[in-house]
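Engineer: give me the fold of what follows.
(one chain, ligands or ions: 1)
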Amino acid sequence: MTDHPFFELESPYRGWYRLHRLSFGSGGPVTTLVAGIHGNECNGTYALNLLAGRLRLQPPRGTVHLVPCVNLFGAEEGRKRWPFDDRDINEVFPGDADGSPVERVAEAVMRASEGQLCVDLQTGSAVVHEVPHVRAPLTGPVLALGQAAGLPVLWRRPAEQFDDGLLGAWRAAGRTALVLRGGRGGSLDVDDAKTMARALVRLLAQAGHLHAPEPAPPTIVTEKMLDYRCEVGGFFVPEVRPGEPVVVGQVLGTLRAAIGGETIESFHATAAGVVLAVRVYPVVHGRELVVRVAQSTT
Ligand SMILES: [Zn+2]
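Structural biologist: Residues are numbered from 1 along each chain as shown. Predicted coordinates for the structure are as follows:
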């Protein structure tokens, strides 16, 4: 393994910013996996560190590059965005080598992203817990790869929803670009990170880097998401967890009065499926998402 500080940026008071890229193996095929574009999203970083442990023991065929944490300064402070100017690195791709610090970081991430297959690791927001899942366009090679990952849910979405951010920049550059999401921002969800690391091993096997691992568990492949939103503000108490199967009529959670606790609204599943996301910070405003269910299509 080589740890190559792929890009450096001088910081006046806190030492250098360094974009680390860990490289395993040599030659082709080449794949790059990136995490921590958002500084407070630690599950992807941990999943890549777990994968690094595996690759140290079992060097891949071809080359695998890991960029475990892009927004190091944000990570230190538990912040999603880049400190100092509060910008979202994911909003400035493909970046600019002569631009502002975040634009230079984004440009360096693009240069570090070698190979045909590029994978971005994300989490839910700091208030929503998501089951580990893949988001993929409705058709094409990314969809087949997404299925090979063997995560609980594969969310098929129209291709134009992948045109922004790092994923959009990779797609514009002709790469096979995939996003895995799981857990929530601002915390380490160990089980979710382990699940994502196992999915990455399957993806690397599918891409020819590793021997085929054990068969993948079943995945719900769907483009149908049922979003449950509260009518008014209150205190949301969930009764389901991310990844849990639900049946029609099952109680997903209740909205209570924030002071006093009277029930304002109950949420019942209107179709069977698997819980994709649950609001975990209870204080909600009207119209906010409280539960998202990936609807079974069979
Ligand atoms: Zn993110």
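Engineer: near the ion, which residues of the protein are found?
Structural biologist: 38, 122 (CB under 5 Å from the ion). C-beta coordinates here come from the backbone N, C-alpha and C atoms, glycine included.
Engineer: state the helix or strand in which the residue lying farthest from the centre of the chain lies.
Structural biologist: Taking CA atoms, centre = their mean, the residue of the chain most remote from its mean C-alpha position is residue 260, at 36.7 Å. Using DSSP states H and E, residue 260 is not contained in any helix or strand.
Engineer: likewise for residue 55?
Structural biologist: Here residue 55, judged by DSSP H and E, is contained in helix 42-57.
Engineer: quick check: the residue nearest to the spatial centre of the chain vs residue 286, distance?
Structural biologist: In the chain, the centroid-proximal residue (CA atoms, centre = their mean) is residue 122; its distance is 2.1 Å. Distance of residue 122 to residue 286, computed by CB to CB, to the nearest Å: 27 Å.
Engineer: likewise for residue 85?
Structural biologist: Separation of residue 85 from residue 286 (CB to CB) stands at 32 Å.
Engineer: partner residues bridging residue 184?
Structural biologist: Judged by DSSP bridges, the bridge partners of residue 184 are residue 124.
Engineer: poorly predicted segments of this structure, please.
Structural biologist: Counting by pLDDT under 70, the chain contains low-confidence residues at 298.
Engineer: could you list the domains of it?
Structural biologist: As assigned by automatic domain parsing, the chain contains the domains 2-206, 224-295.
Engineer: distance to residue 216 added to those, as JSON lines?
Structural biologist: Shown next, in JSON lines, are the domains of the chain (distance: least, CB to CB, whole Å):
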{"stretch": "domain 2-206", "distance to residue 216": "2"}
{"stretch": "domain 224-295", "distance to residue 216": "15"}
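Engineer: tally of neighbours for the residue lying closest to residue 9 once chain neighbours are set aside?
Structural biologist: Spatial nearest neighbour of residue 9, excluding adjacent residues (CB to CB, 6 or more residues apart in numbering): residue 17 at 4.1 Å. By other CB atoms under 10 Å, 19 other residues sit near residue 17.
Engineer: A helix includes residue 166, no?
Structural biologist: Yes. Assessed by DSSP: H, G, I helix; E, B strand; the rest coil, residue 166 belongs to a helix.
Engineer: contact partners for it?
Structural biologist: Under the criterion of CB atoms under 8 Å, 6 or more residues apart in numbering, the neighbours of residue 166 are 34, 37, 90, 93, 106, 109, 120, 177.
Engineer: and if you look at residue 78?
Structural biologist: Residue 78 makes contacts with 39, 40, 186, as judged by CB under 8 Å, 6+ apart.
Engineer: in the stretch 151-298 of the chain, what residue comes closest to the ion?
Structural biologist: Proximity of the stretch 151-298 of the chain to the ion (CB to the ion) peaks at residue 185, 6.8 Å away.
Engineer: that residue: how many residues sit nearby?
Structural biologist: Count around residue 185 with other CB under 10 Å applied: 22.
Engineer: tell me the contacts of the closest residue to it other than its chain neighbours?
Structural biologist: In this structure, residue 185 finds its nearest non-sequential neighbour in residue 126, 4.0 Å apart by CB to CB, 6+ apart. Residues in contact with residue 126 (CB under 8 Å, 6+ apart) are 40, 80, 184, 185, 186, 281.
Engineer: helix, strand, or coil at whichever residue of the stretch 101-250 of the chain sits closest to the ion?
Structural biologist: Residue nearest to the ion within the stretch 101-250 of the chain (CB to the ion): residue 122, separated by 4.1 Å. Look at residue 122: counting by three-state DSSP, its state is strand.
Engineer: assumed residue 147 was part of a strand.
Structural biologist: No. Counting by three-state DSSP, residue 147 falls outside a strand, being helix.
Engineer: that one against residue 219, yeah?
Structural biologist: Yes. Residue 147 sits in contact with residue 219 when judged by CB atoms under 8 Å, with a separation of 6.2 Å.
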